[in-house]
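Trainee: pasting the sequence and the predicted coordinates here, then a few questions.
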Amino acid sequence: MLQLYTELAEQFVDEKECVAAKEEALSALHTLLEGTGRGSNMRGWLNLPNPLERKEIEQCKMIAQMWNGTMDVVVVIGIGGSYLGAKCALEAFSHSFASAGERNSPHIVFAGYSLSEDYMADLLGYLKKKSYAIIVISKSGTTLEPALAFRILYNEMVARFGIEDTRRRIVAVTDASKGALKSMADRYGFMTLTIPDDVGGRYSVLSAVGLLPIAVAGFDIEALLGGAAQAKEQMVKFEQDNPVIRYAALRNLMYRCGKKIEVFINYHPKLKYLGEWLKQLFAESEGKEHKGLFPTTLDFTADLHSVGQYIQDGERIMFETAVLAGSKEVEVAIPSSIDNMDGLNYLTGKTLEDINRCAEAGVRQAHISGGVPNIYIEMERIDEWNMGQLFFFFELSCAVSAYMLGVNPFDQPGVEVYKRNIYRLLGKPQ
Ligand code: PA5
C-alpha cells in the first residue's frame, strides 16, 4: 500500500490549523461522495472500474489480442486527458530502452498532442513500411489537434490498406452518442469504446481511455484496476489519518501560507510522465476563479543540476511532493577499482538504489533547511498494481482539494479562450 509522509511539511504549519484543515478535507470528501458539490454529475471516475464497464475491459483485452502479432505499431491519438494517463502508464511500465520489435506487443506511439508538422512528417515516414493500427481518443470528438492527426493518418491508412482493411485497424474511444468522432465511427464502421458521460478527460485513465492503450502495449490492466480498487477501499474513509485527507489538507494549508507552487518530483526517469499527468490533473481541476496551486514537475537528480539552486535559495514560494519508488529486483552494484582514480571506492558494493535513496534523503534535508516543505509518497515498486493505487489516490485527493479551495474540480472553462482565438485565426466557419 502507498505510504504518505507529511511530517516534514507539517512543521511549517500550526498544529491546530492542521487539525482544522483535515476537518475541512473530511467535509469536502463528504460533499464529493454525497454529490452535493459543483460538477457533481462528473463523479463517474469514483466507480471505475464499474461492474458495468466489465464488457469494455474484456473488449480492451480482445483488441489487444487481435492486434498482437499483426500490428507492428499502434498510433494512439489524443491530447490532455485523452492521452496523458496512457502515456504516463506506458512510460512507467516499459523497459527504458524498449523500441519497436523488441516485445511481442505492438510499439505504441502517440500523435495528436501537438500541431508540429515535423513530428507528423516523421511519423508518416516511420509508418511507411509498418503494419499499423490507430486508437483515436476524444471525448468531445471535435478537439483540433487529435482531429487533424486522425484525418491525416486515416487518409494514409485508407490509401495504403483499403477501406475494408482499415476498419479492423481503427478503434475510436469517444462519447456514447455525440460528437464528430462518434458520427464518423458509425458511418465508417470503426470499432468503438465509450468514455462514460460522467467521467472527464483528466479523470479517465481507468476507463477505456487509459486501459485500451495499456492493454494493447501488453500490460496487465486487471492489476492496474485491482490496485485502484484497493486504494478506493482504503481511501474512501472519513478518518483524519486517511492519506487523501492528510494530503489534501496539507497542500491547501501550504497554499494559504503563500507556498503557491507545488513541485511534483520523481527520482526515476520512468516517472517523468507521472508528473505530466499530475500537472494536468491539478492545474485543470484547481486553477480557476484566480485561485489554485500552480503545479510543476522536476526530475531528480537531473534537475538538481539546473533548478536545484533556485529551490534551495530562490523565492520561498513552493513546496515539494515527491513520488518515491523502490527498484525492481535487479541490482546494479558499484564495482571496486584498483587505482580508485575517481575516488569512488567508498561506494564499492553499494547499489545504485542505495545511492538514489541517500540522494532522496539528502535533498529532503537540504530543502527543508532552505524553507521548502516536503511531502513524499512511497510506493513499493513501479508496476501496474502500484500505479493503479497512485492514480486513484491523486484523483481523489485532487477532487477533495478543489472542493476545499471552493472551485469545481470537473470543469475547465478557461481552456475555451485560446481555442476561440485559434479558430478565428484559422477562419473556422461559425
Ligand atoms: O481533462 C480534460 O477534460 C481535457 O484535458 C481533455 O481531455 C482534452 O481537452 C481533450 O479533450 P477531448 O477528449 O474531448 O478531445
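Mentor: Done, it's in. Residues are numbered from 1 along each chain as shown.
Trainee: and the strands in the chain?
Mentor: Ranges of strands in the chain, per DSSP state E, are 3-5, 73-77, 107-111, 132-138, 170-174, 191-194, 261-266, 294-299, 318-326, 374-381.
Trainee: domain parsing for the protein?
Mentor: Structurally, the chain divides into domains by automatic domain parsing as follows: 3-37+225-405, 45-219.
Trainee: what's near enough to touch the residue of the stretch 301-430 of the chain found nearest the ligand?
Mentor: Closest contact between the stretch 301-430 of the chain and the ligand, by C-beta to the nearest ligand atom, is at Q412 (5.7 Å). For every residue, glycine as well, the C-beta is placed using N, CA and C. Shown in contact with Q412 (C-beta atoms under 8 Å, 6 or more residues apart in numbering): E284, K288.
Trainee: before we move on, back to that, what's the closest of the strands of the chain to the ligand?
Mentor: strand 132-138 (3.3 Å).
Trainee: quick one: that closest one to strand 73-77, angle?
Mentor: Relative orientation of strand 132-138 and strand 73-77, computed by axes from the mean of the first three to the mean of the last three C-alpha atoms, to 10 degrees: 20 degrees.
Trainee: would you turn the strands of the chain into TSV with mean pLDDT?
Mentor: Shown next, in TSV, are these (pLDDT from 0 to 100):
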stretch	mean pLDDT
strand 3-5	97
strand 73-77	98
strand 107-111	97
strand 132-138	98
strand 170-174	98
strand 191-194	96
strand 261-266	98
strand 294-299	98
strand 318-326	97
strand 374-381	96
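Trainee: hang on, the earlier thing: switch the domains of the chain over to a markdown table; also include distance to P429 and mean neighbour count.
Mentor: A markdown table is the format used below for the domains of the chain (distance: least, C-beta to C-beta, whole Å; neighbours: other C-beta atoms under 10 Å):
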| stretch | distance to P429 | mean neighbour count |
| --- | --- | --- |
| domain 3-37+225-405 | 28 | 18 |
| domain 45-219 | 14 | 19 |
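Trainee: let me have these in TSV, extended by distance to the ligand.
Mentor: As requested, the domains of the chain are exported to TSV (distance: least, C-beta to the nearest ligand atom, whole Å):
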stretch	distance to the ligand
domain 3-37+225-405	5
domain 45-219	2
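Trainee: those domains: which one's closest to Y418?
Mentor: Among the domains of the chain, domain 45-219 comes nearest to Y418, with 10.8 Å by C-beta to C-beta.
Trainee: sorry, back to before: quick one: which of the strands of the chain is nearest G427?
Mentor: strand 132-138 (22.1 Å).
Trainee: can you show me the CA trace of that closest one as CSV?
Mentor: Provided in CSV are the C-alpha atoms of strand 132-138 (Å, rounded to 0.1, in the frame of the first residue of the first chain):
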residue,chain,number,x,y,z
TYR,A,132,-0.2,-0.3,-38.0
ALA,A,133,-3.4,0.4,-36.2
ILE,A,134,-4.9,3.6,-34.7
ILE,A,135,-6.6,4.2,-31.4
VAL,A,136,-8.2,7.6,-31.6
ILE,A,137,-9.4,9.0,-28.3
SER,A,138,-11.5,12.2,-27.9
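Trainee: now it, how far from the centre of its chain.
Mentor: 19 Å (C-alpha atoms, centre = their mean, to the nearest Å).
Trainee: can you check what angle separates the longest helix along the chain from strand 132-138?
Mentor: Identified as the longest helix of the chain according to DSSP state H is helix 144-167. Helix 144-167 and strand 132-138 are oriented at 140 degrees to each other (the same axes, to 10 degrees).
Trainee: helices or strands up against helix 144-167?
Mentor: In terms of contacts (3 or more C-beta pairs under 8 Å, 6 or more residues apart in numbering; DSSP states H and E), helix 144-167 is packed against strand 73-77, strand 107-111, helix 117-127, strand 132-138, helix 180-188, helix 415-426.
Trainee: in contact with G201, which residues?
Mentor: With the criterion set at C-beta under 8 Å, 6+ apart, G201 makes contact with G80, G81, S82, K139, I195, V209.
Trainee: what do you get if the cut-off is 6 Å, keeping everything else the same?
Mentor: Counting by C-beta atoms under 6 Å, 6 or more residues apart in numbering, G201 touches G80, G81, S82, K139.
Trainee: report the beta-bridge partners for the residue nearest to the third one when sequence neighbours are not counted.
Mentor: Which is S82. Among residues not flanking S82 along the chain, I137 sits closest, at 4.2 Å (C-beta to C-beta, 6 or more residues apart in numbering). With DSSP bridges as the criterion, I137 is bridged to V173.
Trainee: and I137, what does it touch?
Mentor: Residues in contact with I137 (C-beta under 6 Å, 6+ apart) are G78, S82, V173, V209.
Trainee: switch the cut-off to 10 Å
Mentor: The contact partners of I137, taken as C-beta atoms under 10 Å, 6 or more residues apart in numbering, are 76-79, 81-83, 85-86, 112, 143, 146, 150, 171-174, 181, 193, 195, 201, 204, 208-210, 212-213.
Trainee: ok, it to I77 distance?
Mentor: From I137 over to I77 the distance is 7 Å, taken as C-beta to C-beta, to the nearest Å.
Trainee: and for the two, which residues touch both?
Mentor: Y83, G112, P146, F150, A172, V173, L181.
Trainee: make a markdown table out of those residues and add distance to I63.
Mentor: Compiled in a markdown table, these are given as follows (distance: C-beta to C-beta, whole Å):
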| residue | distance to I63 |
| --- | --- |
| Y83 | 18 |
| G112 | 19 |
| P146 | 19 |
| F150 | 17 |
| A172 | 12 |
| V173 | 11 |
| L181 | 17 |
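Trainee: tell me the pLDDT at G275?
Mentor: On pLDDT, G275 comes in at 98.
Trainee: nearest residue to it in space, please, no chain neighbours.
Mentor: T297 (3.1 Å).
Trainee: show me what contacts the one you found?
Mentor: T297 touches 262-266, 271-279, 303, 321, counting by C-beta under 10 Å, 6+ apart.
Trainee: rerun that using 7 Å as the cut-off
Mentor: For T297, the contact set (C-beta atoms under 7 Å, 6 or more residues apart in numbering) comprises F264, G275, E276, K279.
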